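Peer 1: pasting the structure only:
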């Protein structure tokens, strides 16, 4: 996979998306921008960042071609509503207003270049609770949306933000459904390990202990492609899992 600012493997060229007829809805602007650097306790505020197609933000600890959680977006409305300290939601992009209009499958254009694919809601975690006690029980969907970069470029604080509805396949907010979705995608004759299944489904590795129970919902010949072992032969990389083609407008 090329980690550059060209068109990523999961999308078609964006001429249709960029055309004057494309149905883009303004969502205001980007209030702030941060990079979550490895081993640093808090996100690092920046004025600009390089988004890399199919990978994430350059220098961010969560950037990975095999993850649906490359970026976290939240809104300034959540900070006002819950009186949260700055950057306590640990987002990459904070939008002016709310992320409530966003849904899985939507595309978000940031500035003139970058296009993001909305994946699923970000569940509040124990780290957030430790930093802001009481938040875990009440914040719900206000934590924001997780996304992948489908077209790269430079992101700058203050960039205009626009939304185009339901252009990509939707992913469930329920972690069990995402695990089943990834397991079904493993090609016949290949297999996937628990840890990689967790990464591709966007769930914490602590959930691996529940995988055997969740996988009983699949036919045996499909569930047997998920193995709790290490063996490089025929191991599936997740190739094609995030592929989609942007439909032409109209």
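Peer 2: Perfect, thanks for sending it. Since the model is a prediction, treat every value here as computed from it, not as a measurement.
Peer 1: okay, and for this structure, where does confidence drop off?
Peer 2: When residues are selected by pLDDT under 70, those of the chain lie in 1-22, 124-141, 230-232, 247-250.
Peer 1: Longest helix in it, please.
Peer 2: helix 175-185 (DSSP state H).
Peer 1: Next, the residues that contact the longest strand along the chain from outside, please.
Peer 2: Determined from DSSP state E, the single longest strand within the chain is strand 25-35. If you take C-beta atoms under 8 Å, 6 or more residues apart in numbering as the criterion, strand 25-35 is touched by 43-49, 57, 59-60, 76, 87, 91-97, 101, 108, 110-111, 155-165. Where you see a C-beta, it was placed from the backbone N, CA and C, and this is true even at glycine.
Peer 1: And the strands in this protein?
Peer 2: Per DSSP E, the chain carries strands over the ranges 25-35, 44-46, 48-52, 56-57, 71-75, 93-95, 107-110, 114-121, 145-151, 153-156, 160-164, 192-193, 226-227.
Peer 1: Give me the distance from the first one to the chain's centre.
Peer 2: The gap between the average C-alpha position of strand 25-35 and the chain average comes to 16 Å, counting by C-alpha atoms, centre = their mean, to the nearest Å.
Peer 1: residues contacting residue 70?
Peer 2: Counted by C-beta under 8 Å, 6+ apart, residue 70 has contacts 55, 56, 57, 60, 62, 63, 64, 146, 147, 148, 149.
Peer 1: Next up, the contacts around the nearest residue to the second one once chain neighbours are set aside.
Peer 2: The reference is to residue 56. Excluding the flanking residues, the one nearest residue 56 by C-beta to C-beta, 6 or more residues apart in numbering is residue 63, at 3.0 Å. Residues counted as contacts of residue 63 (C-beta under 8 Å, 6+ apart) are 52, 55, 56, 57, 70.
Peer 1: Starting from residue 70, give me the distance back to residue 63.
Peer 2: 6 Å (C-beta to C-beta, to the nearest Å).
Peer 1: still on that earlier bit, I'd like the contacts of residue 70 as JSON lines, with distance to residue 184 appended.
Peer 2: As requested, these are exported to JSON lines (distance: C-beta to C-beta, whole Å):
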{"residue": "55", "distance to residue 184": "25"}
{"residue": "56", "distance to residue 184": "25"}
{"residue": "57", "distance to residue 184": "30"}
{"residue": "60", "distance to residue 184": "29"}
{"residue": "62", "distance to residue 184": "25"}
{"residue": "63", "distance to residue 184": "26"}
{"residue": "64", "distance to residue 184": "21"}
{"residue": "146", "distance to residue 184": "21"}
{"residue": "147", "distance to residue 184": "23"}
{"residue": "148", "distance to residue 184": "19"}
{"residue": "149", "distance to residue 184": "25"}
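Peer 1: Residue 175: neighbour count?
Peer 2: Residue 175: 18 surrounding residues under other C-beta atoms under 10 Å.
Peer 1: quick one: the nearest residue to it once chain neighbours are set aside and residue 27, what's the gap?
Peer 2: Closest residue in space to residue 175, ignoring its immediate chain neighbours: residue 203 at 4.6 Å, by C-beta to C-beta, 6+ apart. Remark: distance between residue 203 and residue 27 (C-beta to C-beta) = 28 Å.
Peer 1: one step back: of all the contacts of residue 70, which comes closest to residue 235?
Peer 2: residue 64 (16.7 Å; C-beta to C-beta).
Peer 1: quick one: contacts for the closest one?
Peer 2: 55, 56, 70, 199.
Peer 1: if I pick the second one, what's in contact with it?
Peer 2: It stands for residue 56. Contacts of residue 56 (C-beta under 8 Å, 6+ apart): 62, 63, 64, 67, 70, 71, 148, 149.
Peer 1: Please repeat the previous calculation with a cut-off of 7 Å.
Peer 2: 62, 63, 64, 70, 71, 149 (C-beta atoms under 7 Å, 6 or more residues apart in numbering).
Peer 1: would you list the residues you listed in JSON lines and tack on distance to residue 211?
Peer 2: Shown next, in JSON lines, are those (distance: C-beta to C-beta, whole Å):
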{"residue": "62", "distance to residue 211": "22"}
{"residue": "63", "distance to residue 211": "25"}
{"residue": "64", "distance to residue 211": "20"}
{"residue": "70", "distance to residue 211": "23"}
{"residue": "71", "distance to residue 211": "26"}
{"residue": "149", "distance to residue 211": "28"}
